[in-house]
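Trainee: Here is a sequence together with a model predicted from it:
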Amino acid sequence: MLIWTSDQLMRDMNLKKGPKKLRQNRRKGKKQPLNLRKLLHRALRIGVFSFSLVLLLVGGTLLVQVLLASDLFRVESIEVVGNTQMAGQDIIGLSDINRGDMTFDLDLHLIGRKIAENPWVREAQVARIFPKQVVIRIEERQPRAIINLDLLYYLDERGEVFKVLGAGDSLNFPVVTGFDRAELQQGDSENARQLKAIIALIENLKQREIFNLDQVSEIHREEGGGFCLYTYQGAVKIRIGRDSFSEKIDRLERIYAKLEKRLPVLDYIDLNVDERIIVRIERAAAQARG
């Protein structure tokens, strides 16, 4: 005996009715015919644009080549700016730039480096001024003293040793002594600081009227690190120490008019004692004994 459950009965009834039709979830649309005229028009526009672009690139390339091959960008004028120690023609010679060279062929950075290899030149910049000019701007080193390092060298405004003196170089500078060449080459920071201090002292003396740079023949660094000056007249030593140069020279100037007359018999002048000036008269005694 078969017993039908309600679920089985429902399934049998559905099978007799047949499978359900699935609903379509897309609308039926009419296919649009291809618009060949529109496609051809679009393709034609793209082709014309591409062809025009190619013509523009080719024409521009040819124009550039023609201009570069012409004399329009050949160097006719070379100007040097900023030189006081060196002649302009010497700097042009260092640059290896010749009139008639193509300006676009010049390696400006390399030319500037070549010029800066000269000891007088701190920095060199080279620029094109279209269409036919080149300008060389240089910053020169300015000598402030001569330093004795077995050979005589110039000392510049930054306290840097930069050139061996040669024939024709001016000797009208104070001489700096007491430094060792090997130590300077090692780049010791204390030596560099002391050389800068000497330059500051020189600049101070240049501004004075009573005791000034014209009365100083030598600036010497003593073993303890202090400095002393030697006068042109009588080569009298003036001990000035490590610092406070301006205040010490102020003190010296108050009595220098009296001391100047006695320089030939003075041994030294010491400015290192606060608010005092120590003067040693040794030569007169030696002469008296003689």
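Mentor: Yes, it's here.
Trainee: Show the low-confidence segments of the protein, by residue range.
Mentor: Where the chain drops to pLDDT under 70, the residues are 1-36, 41, 51, 55, 58-60, 62-70, 283-290.
Trainee: Show the backbone phi and psi for residue 147.
Mentor: Phi and psi for residue 147, reported as degrees, to the nearest 10, are phi -110, psi 130.
Trainee: Tell me the spacing between it and residue 162.
Mentor: Per CB to CB, to the nearest Å, residue 147 is found 10 Å from residue 162. To be clear about C-beta, it is placed using only N, CA and C from the backbone, and glycine gets the same treatment.
Trainee: what about those two, which has more around it?
Mentor: Just comparing residue 147 and residue 162: by other CB atoms under 10 Å the higher neighbour count belongs to residue 147, 24 against 15.
Trainee: Residue 125 contacts residue 137, correct?
Mentor: Yes. Counting by CB atoms under 8 Å, residue 137 is a contact partner of residue 125 at 4.8 Å.
Trainee: what pairs with the most centrally placed residue in the chain across the strands?
Mentor: Closest to where the C-alpha atoms of the chain average out (CA atoms, centre = their mean) is residue 123, at 6.4 Å. Beta bridges link residue 123 to residue 139, judged by DSSP bridges.
Trainee: Counting neighbours, what do you get for the residue lying closest to residue 150 once chain neighbours are set aside?
Mentor: Closest residue in space to residue 150, ignoring its immediate chain neighbours: residue 181 at 6.0 Å, by CB to CB, 6 or more residues apart in numbering. By other CB under 10 Å, the residues close to residue 181 number 13.
Trainee: Residue 181 against residue 147, yeah?
Mentor: No. Taking CB under 8 Å as the definition, residue 181 is not a contact partner of residue 147, at 9.3 Å.
Trainee: quick one: residue 195 is in a helix?
Mentor: Yes. Under DSSP: H, G, I helix; E, B strand; the rest coil, residue 195 falls within a helix.
Trainee: Now do the same contact list for it.
Mentor: Contact analysis of residue 195 by CB atoms under 8 Å, 6 or more residues apart in numbering lists 147, 155, 159-161, 176, 179.
Trainee: pretty sure residue 133 contacts residue 79?
Mentor: Yes. With contact defined as CB under 8 Å, residue 133 and residue 79 form a contacting pair (6.8 Å).
Trainee: That'll do, ta.
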